[in-house]
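S.K.: sequence first, then the predicted structure, then my questions.
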Amino acid sequence: MAGRDLLLFVAVTVISSSLMAPMARGNSDGDALYVLRRSLSDPDNVLQSWDQNLVNPCTWFHVTCNQDSQVTRVDLGNSNLSGHLVPELGKLEHLQYLELYKNNIQGKIPAELGNLKNLKSLDLYNNNISGTIPPSLGNLKSLVFLRLNDNRLTGPIPRTLTGISSLKVFDVSNNNLCGPIPITGSFEHIPLDK
Amino acid sequence: MGSLHLYHHLMLLLSILGAVLAENLGNISSDSYWLLRIKSEFVDPFQVLDNWSTETSFCVWNGVTCSDDQNHILSLNLSSCELKGSISADFLHLTFLEALDLSKNSLTGSIHPDIGMLQNLRELLLFSNSLVGTIPSDIGYLKKLQVLRIGDNLLTGQVEPTIGNLTELKVLGLSYCQLNGSIPKEIGNLKNLQFLDLQMNSLSGLIPKEIGSCIELQNFAASNNGLEGKIPGSFGNLESLQILNLANNSLSGSIPVEFSQVLNLKYLNLHGNRLEGKIPSELNQLVQLEKLDLSKNNLSGPINLFNTQLKSLEALVLSENFLTGSLPANLCIRNSNMSQLFLADNNLSGKFPVDLLNCSSLEQLDLSDNNFDGALPPNLHKLESLKDLLLNNNSFSGTLPPDIGNMSRLETLFLFDNMITGGIPAEIGKLQRLSVLYLYDNQMSGSIPNELTNCSSLTEIDFFGNQFSGAIPPTIGKLENLVLLQLRQNDLSGPIPSSLGYCRKLLRLVLADNKFSGPLPPTFRFLSDLFLITLYNNSFEGPLPEVLFLLKNLSIVNFSHNKFSGSISPLLGSNSLTVLDLTNNSFSGNIPLRLAMSKNLKRLRLAQNLLSGHVPSEFGQLMVLNLLDLSFNNLTGELAPEISGMEKLSHLLLNNNQFSGSIPTWLGSIHELGELDLSSNNFNGTVPAELGNCSKLLKLSLHTNRLSGTIPPQIGNLNSLNVLNLQKNNLSGTIPQTLQQCKKLYELRLSVNGLTGTIPPEIGTLTELQVILDLSFNQLSGEIPPSLGNLEKLERLNLSFNQLEGKVPPSLGKLSSLHRLNLSSNRLKGRLPPTFSGFPLSSFQDNGKLCGPPLASCSESTRHERKWLSESSVARIIVAIVFTSTLICLGLLYIMLKMWWKWRKVSVACSETGKSEPKKVEEWVYGEEMKSDEYWNVNTMALLPSQDKQMSNSACIFHLKLSTESTKNPVV
């Protein structure tokens, strides 16, 4: 017990806080997913294996990689997750399947998801997602399946989506959307009913 | 109050009287008597109180100071005497006591509630003990008290308002306790208070504005509490205040401009609050201010502080705010006292502030995590005192100026996460004090200069994520103090210089993701402290030097994706391995038993090597092993029962070996198991029902083995399962209905087995099925259940080569996600759902009587309708049809055949898009697999404009088939 009670008015400012050992780096897929993990509340511990210190996220459960250790699938449907999506998801350059359906995810769809050039399936249905459908999703040139149904989305269906020539399944039912339903481009062949 | 006071006096009198009567000892009114009683309650391991005895006058006892008449004790000082025990209640009898100092001992117990009886007390010092309980409110009766220091104890409860009665008080120290409640506003009555220390408690509520009445206050610290609300502007009254520390509270609002009136302020710390708004420029009036810390708040706006006015400033800490704009020109001027300038983690922008270069006194400069850009100034050396330069996480560009070599005091250089280009100047070798050099995540290139190895103080080098090329300097071994060498993700090549082994203090060596080649030098045996070594993704080769066995502290080893050969034994000298990854090399021989010595091994990956022999039964001792990947080797034998000790396994990958015997039932007791891949081995026997206990299993792959018997219904207990692959075995019996409980399945493959019975309609409830449902090459019979039409997400469906009969349920037409379908080689009949028209013929061929697009329309296919014509006319028509269609279609046939061959070639070259299973080739008939680029553009159902064209082609083929049939059987 050194005399700590008095005359210790001054907290010494040290630089050491910034001199901490650098974190694991060079793992942009893993880093992006880890930001998602931190943004989600996970009562069932389905993200327990998401260890940021691993070289890549390919042995994380619910994550699938290709042979070059790039993330191609994220399967977190029906996992009792809540919280928000994060813009960092847009960095998963090789992602093909983003399956986050049937959770309690809130907040908006990050516009950055439009950067996912290889995305084939974006399944966010049955969540609590609000805000508008970002027009940037029109940049998803590989997208085949877009299921956003059963959320609290508002605003119009962005016209940019008509430019996704590969789009085959489009479901935005049970939201609070308004405005015209596109009928041109890829929407020419999408039936109005399910 | 007065009457209460009187009452206490009375009580004191009574208690003394009581004691007098009860004790009936010699001079009981003497202080010596009470002191001896006090002594008896102390534990005194160092006999400090040895001379406290009746043999001498108490006035000569240690720590005691007497009154002039030698009758009364005036002061007792037993500070730092390592006393234990408690503070006796008999102190209350020493009524003449003016000063009591029991600080810095290990006293326990509480402060007596009647402490107020010591009416003459001027100084009470009990700090740094282990006292518990509350601060007695009677302390307020000590009217003469000037110094009260009772902090650094385990005191709880509130600061009583009675403290405000101590109007003589000059020093009040209550820090480092567990006090709660708020600061009483009565504190404002303490007009003589000079020092007030409330740090490190759990105080909450507002800072009372009455604090402004303590006009003598010089030092006030209330940091590390839970104080809330605004900082009262009344601080402006405190003209004597020199030190104010309110760090780490929850204070909000703006910084009061009234601070500018506190002209004697030398130290102001508001770090770690929720203050917002701008930094008031009025603070510039604080000419005495030496240290200003406003970091970790929500402050915004530009920095308006000028060294021209704040002439005494030595440290300015504004990190972790939302400050914007560029730095003011005279933030730090020539010949100032400024030595620390911390502006990290704001939104500051602009070029490197060249005016800062005048700040020759600066020792630490932190501009990290801002938006600064542009080149670094060429004359950085003007910062001649600088020790730590932190510019990381900005957008600085250009090259590292050679002038850096003239910053002779530099110890830390952080430039990581910028856009620096060019090479490392050779002049860097002049930095004899440089200890930490982080250049990672830039675009630097060129070779690492040999001169760098002259920086003899270097302890940490991190060049990760640049484009450095060439070899590691052969003189690297001169860096005897190096503990971290991180060179990952560059274009470095050549062999590792043997001198690297002389960096004997190395703890972490990271050379992964480069183009290094050659063997590891035997000098590595000197790296006896080495804890982490990662060399993955290089072209290292040759056997490992035997002497690596001397590296007893290795914990994390990753040599994956190289060309190492020979035995892995040299890596096993350490018993502290936690991660060993040797994937994709050419290691051969057996898996050494010694591996099991590393009891803390968590991840073991030896996949894609040439390892042979058995899995050692000693592996059962690896109780914390989390991941075991031995796939793609030549391992043989059965899995010994002892291995079941690996009960923490979450990934077990033994696929693509030659393991034999049955699948062990103990796998069912590994509850953490999430991925089990035993595929492509020689396992026989049945699928153990115990696997149904692995409730966390996500992927179960047992395909390509010799498993027989039925699929156990317990598989249905795996309700987390995503992927189930049992294809290519000898499984028989029916598909268990319980499979419907695996609600999260997105991939289900049961093909190439001997499964019988019908397809359970319950499969249709697996609505998350997405990648594939493959039941092909079995002996399934009966009709296709209409419920399969519920599989809205299903992209591939293969039911081919079974004995399915009846119609294709129209509900299958609802499979809107389906893009590949194979129903061929069954006994199906009737009309295809109209949405199937876009699928190729091969999807349906070798069935009995299917019709409708892409097959022939259902009316044409019934030949009996034409019976009303005469045989001759039929013959004529047929001849005509045969003739014309042969002519037209032969040409087309030629084209089609050519296309078909091309198509087939493409499909052979294609591979699955799933997880890394290099050898997996799916059995689709007629090469329907497409090159992944074309994956989605073929077979689209009703979306492509070219659909009409496709249909006419298909029709033509059908014609052709019909005509050949009729020539064979000219019955009609």
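M.R.: Sure thing, it's come through.

S.K.: drop to CA atoms for contacts and neighbour counts, all remaining ones
M.R.: OK.

S.K.: how about the contacts made by B:Ala344?
M.R.: B:Leu318, B:Ser319, B:Glu320, B:Asp366, B:Leu367, B:Ser368, B:Asp369, B:Asn370 (C-alpha atoms under 8 Å, 6 or more residues apart in numbering or on different chains).

S.K.: make JSON lines from these and add pLDDT and distance to chain A to it.
M.R.: Output for these, formatted as JSON lines (pLDDT from 0 to 100; distance: C-alpha to the nearest C-alpha, whole Å):
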{"residue": "B:Leu318", "pLDDT": "95", "distance to chain A": "11"}
{"residue": "B:Ser319", "pLDDT": "95", "distance to chain A": "11"}
{"residue": "B:Glu320", "pLDDT": "95", "distance to chain A": "12"}
{"residue": "B:Asp366", "pLDDT": "95", "distance to chain A": "8"}
{"residue": "B:Leu367", "pLDDT": "95", "distance to chain A": "11"}
{"residue": "B:Ser368", "pLDDT": "95", "distance to chain A": "9"}
{"residue": "B:Asp369", "pLDDT": "96", "distance to chain A": "11"}
{"residue": "B:Asn370", "pLDDT": "96", "distance to chain A": "14"}
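
S.K.: narrow those to those that are buried.
M.R.: Neighbour-count burial (16 or more other C-alpha atoms under 10 Å in any protein chain shown) applied to the contacts of B:Ala344 gives B:Leu318, B:Ser319, B:Glu320, B:Asp366, B:Leu367, B:Ser368, B:Asp369, B:Asn370.

S.K.: these two touch, right, B:Pro834 and B:Gly813?
M.R.: Yes. Contact criterion C-alpha atoms under 8 Å: B:Pro834 and B:Gly813 qualify, at 7.0 Å.

S.K.: now for the two: what residues contact both?
M.R.: What both B:Pro834 and B:Gly813 touch, as defined by C-alpha under 8 Å, 6+ apart, is an empty set.

S.K.: show me where the chain has helices.
M.R.: In the absence of a named chain, this looks at chain A. A:28-39 (DSSP state H).

S.K.: not quite, go with chain B.
M.R.: So, for chain B - with DSSP H - the helices run B:2-23, B:31-41, B:871-909, B:947-968.

S.K.: what mean pLDDT does stretch A:123-131 get?
M.R.: For stretch A:123-131, mean pLDDT is 96.

S.K.: that stretch close to chain B?
M.R.: No. Shown here: stretch A:123-131 not in contact with chain B (C-alpha under 8 Å from any C-alpha of the partner chain), separated by at least 10.1 Å.

S.K.: just give me how far that stretch sits from the chain centre.
M.R.: Averaging C-alpha positions (C-alpha atoms, centre = their mean, to the nearest Å) puts stretch A:123-131 11 Å from its chain's average.

S.K.: contacts for that stretch, please.
M.R.: Here stretch A:123-131 has contacts from A:97-109, A:145-155, using C-alpha under 8 Å, 6+ apart.

S.K.: dump the residue contacts of B:Lys829.
M.R.: B:Glu805, B:Gly806, B:Lys807, B:Val808, B:Asn847, B:Gly848, B:Lys849, B:Leu850, B:Cys851.

S.K.: partners of it in the sheet?
M.R.: Bridge pairing for B:Lys829 (DSSP bridges) gives the partners B:Lys807, B:Lys849.

S.K.: flag every residue of the stretch 51-200 of chain B that's near chain A.
M.R.: Residues of the stretch 51-200 of chain B lying near chain A by C-alpha under 8 Å from any C-alpha: B:103-106, B:127-129, B:149-152, B:173-176, B:197.

S.K.: residue 97: what's it in contact with?
M.R.: Went with chain A since none was named. Counting by C-alpha under 8 Å, 6+ apart, A:Tyr97 makes contact with A:Thr72, A:Arg73, A:Val74, A:Asp75, A:Leu119, A:Lys120, A:Ser121, A:Leu122, A:Asp123.

S.K.: try chain B instead
M.R.: Counting by C-alpha under 8 Å, 6+ apart, B:Leu97 touches B:His72, B:Ile73, B:Leu74, B:Ser75, B:Leu76, B:Leu118, B:Asn120, B:Leu121.

S.K.: likewise for B:Glu168?
M.R.: B:Lys143, B:Lys144, B:Leu145, B:Gln146, B:Leu190, B:Lys191, B:Asn192, B:Leu193.

S.K.: what's the burial count for A:Pro180?
M.R.: 10 (other C-alpha atoms under 10 Å in any protein chain shown).

S.K.: from what I can see it touches A:Ile157, true?
M.R.: Yes. Using C-alpha under 8 Å, A:Pro180 is in contact with A:Ile157, at 7.5 Å.

S.K.: chain A: strands as residue ranges?
M.R.: Using DSSP state E, the strands found in chain A span residues A:40-41, A:63-65, A:71-75, A:82-84, A:97-99, A:104-106, A:121-123, A:130-132, A:145-147, A:152-155, A:169-171, A:176-177.

S.K.: for B:Ala99, which of those strands is the nearest?
M.R.: The closest of the strands of chain A to B:Ala99 is strand A:40-41. By C-alpha to C-alpha, the value is 57.1 Å.

S.K.: remind me what that closest one packs against, helices and strands.
M.R.: strand A:82-84 (3 or more C-alpha pairs under 8 Å, 6 or more residues apart in numbering or on different chains; DSSP states H and E).

S.K.: at 10 Å instead, please
M.R.: strand A:82-84, strand A:104-106 (3 or more C-alpha pairs under 10 Å, 6 or more residues apart in numbering or on different chains; DSSP states H and E).

S.K.: given that strand, what are its sheet partners and their directions?
M.R.: Applying DSSP bridges, one finds strand A:40-41 paired with strand A:82-84 (antiparallel).

S.K.: how about the nearest residue to B:Trp61, chain neighbours excluded?
M.R.: Closest residue in space to B:Trp61, ignoring its immediate chain neighbours: B:Trp52 at 5.4 Å, by C-alpha to C-alpha, 6 or more residues apart in numbering or on different chains.
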